[in-house]
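>>> Quick one: sequence and predicted model below, then my questions.
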Amino acid sequence: MNKIALISGASAGIGCAIAELLANNNFDLIITGRRNERLDALKSKLEKETKSKVICLSFDIRNKQEVFNAIESLPQEFKKIDVLVNNAGLASGLGVIQDGDIEDWEKMIDTNIKGLLYLTRAVSPIMIENKKGHIVNIGSIAGKEVYASGNVYCATKHAVDALTKAMRIDMLPYGIKVSQIAPGLVETEFSIVRFHGDEKRACEVYKNLTPLCASDIADAVLYVITRPEHVCINDMLITPTAQASATNVIKNK
Ligand code: NDP
Ligand code: 8X3
């Protein structure tokens, strides 16, 4: 029988790449996001190209009722979630604290921290009941360091870093693994979202370097969740070769 993985934020970028790789590696999937049409298209593609069964759950992760209702709505056989990938997240805006846009702050805090918590709260009791499971949080290099104008986004990812460590302690008695993957620069829709749809500005971030691509992070997720029973990868910080820290990035002339 296939294992079941729930991937939040599978309608784009890293989450979508994780879904594709896991479907090709004998996982059945629950894919989530707000953009239902994208989830439906991904489900059709994966069910055509692989033997994976896919369920789409469309909800806004900031809305706790929607999160709990969505998990409750799963067919019984899909409730036995083996792997939860807490990936949905965003940066909204980039600016100094004194000029900060409070709506942007709330969006990041509500998505990256509270959304991750709601989904974990809904799924972890199921894992405890099943006496197995693995939670993989997608953190960031921004959860290890701070950089100019990154204030609130960095704070949310530092929270993911702390929650990963805390969850691992809470899940220890139940044999449930908790891991974090913390990427550096990955070219996805991330910067377009951060710059509120300004594609030109987003392109500049990755110009003249080879950034990570979403499938590089998917590879790491697959590695982490396929280790032997007794092995738990706690944390992985992954950057492009052209990046040594959040702010040390070499660009070609
Ligand atoms: P994308 O913008 O390409 O994808 C983000 C995903 O999150 C989408 O599927 C989006 O779905 C989902 N999402 C965002 N807000 C919500 C919400 N309110 N409710 C439900 N789903 C939501 O970005 P990435 O793939 O790059 O980002 C994925 C994760 O990786 C994030 O947590 C990000 O912080 C992290 N990360 C990204 C890095 C990068 O450089 N790209 C580096 C380090 C970490 P929809 O819009 O359909 O709801
Ligand atoms: C995304 C990577 O460096 O833009 O988490 O914060 S960075």
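All right, it came through fine. Numbers count the residues shown, from 1 in each chain. Ligands and ions are numbered 1, 2, ... in the order given.
>>> Can you tell me the number of residues neighbouring Ala70?
When neighbours are counted by other CB atoms under 10 Å, Ala70 registers 21. The way it works is simple: take the backbone N, C-alpha and C, and place the C-beta from them, glycine included.
>>> pretty sure it is touching Cys56, no?
No - with contact defined as CB atoms under 8 Å, Ala70 does not count as touching Cys56 (10.0 Å).
>>> Report the secondary structure state of the closest residue in space to Glu103 that isn't next to it in sequence.
Nearest non-adjacent residue to Glu103, counting by CB to CB, 6 or more residues apart in numbering: Ser92, 8.0 Å away. Using DSSP: H, G, I helix; E, B strand; the rest coil, the structure places Ser92 in coil.
>>> give the contact list for Ser92.
Applying CB atoms under 8 Å, 6 or more residues apart in numbering to Ser92 gives the contacts 101, 103-104, 107-108, 153, 193-194, 196.
>>> would you list those residues in TSV and tack on neighbour count and distance to ligand 1?
Below are those laid out as TSV (neighbours: other CB atoms under 10 Å; distance: CB to the nearest ligand atom, whole Å):
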residue	neighbour count	distance to ligand 1
Asp101	13	16
Glu103	10	13
Asp104	19	13
Lys107	18	8
Met108	23	9
Tyr153	26	8
Val193	18	5
Arg194	21	9
His196	12	12
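>>> Restricted to strands, list those residues.
The strands, defined by DSSP state E, take in nothing from the contacts of Ser92.
>>> Can you tell me which of those residues comes closest to ligand 2?
Distance to ligand 2, by CB to the nearest ligand atom, is smallest for Tyr153 among the contacts of Ser92, at 6.2 Å.
>>> Find the residues that touch each one of Ala70 and Cys56.
The contact lists of Ala70 and Cys56 share Thr32, where a contact means CB under 8 Å, 6+ apart.
>>> Grab the longest helix from this protein for me.
helix 151-171 (DSSP state H).
>>> touching ligand 2 at all, the next helix or strand after it?
Going down the chain from helix 151-171, the next helix or strand is strand 177-183, by DSSP states H and E. No - counting by CB under 6 Å from any ligand atom, ligand 2 has no neighbours in strand 177-183; the shortest distance is 6.6 Å.
>>> continuing past strand 177-183, what's the next helix or strand?
Remark: after strand 177-183, the chain's next helix or strand is strand 186-187, criterion DSSP H and E.
>>> Which other helices and strands does that following strand contact?
strand 212-213, helix 214-225 (3 or more CB pairs under 8 Å, 6 or more residues apart in numbering; DSSP states H and E).
>>> Dump these into a markdown table; add distance to ligand 2 as well.
Supplementary listing: those in a markdown table, determined by distance: least, CB to the nearest ligand atom, whole Å:
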| stretch | distance to ligand 2 |
| --- | --- |
| strand 212-213 | 10 |
| helix 214-225 | 11 |
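>>> closest one to ligand 1 among these?
Among the helices and strands packed on strand 186-187, helix 214-225 comes nearest to ligand 1, with 6.1 Å by CB to the nearest ligand atom.
>>> Direction-wise, compare the closest one with strand 177-183 and give the angle.
160 degrees (axes from the mean of the first three to the mean of the last three CA atoms, to 10 degrees).
>>> going forward, begin numbering at 51 instead of 1
That works, and once the first residue is 51, the last one we named lands at helix 264-275.
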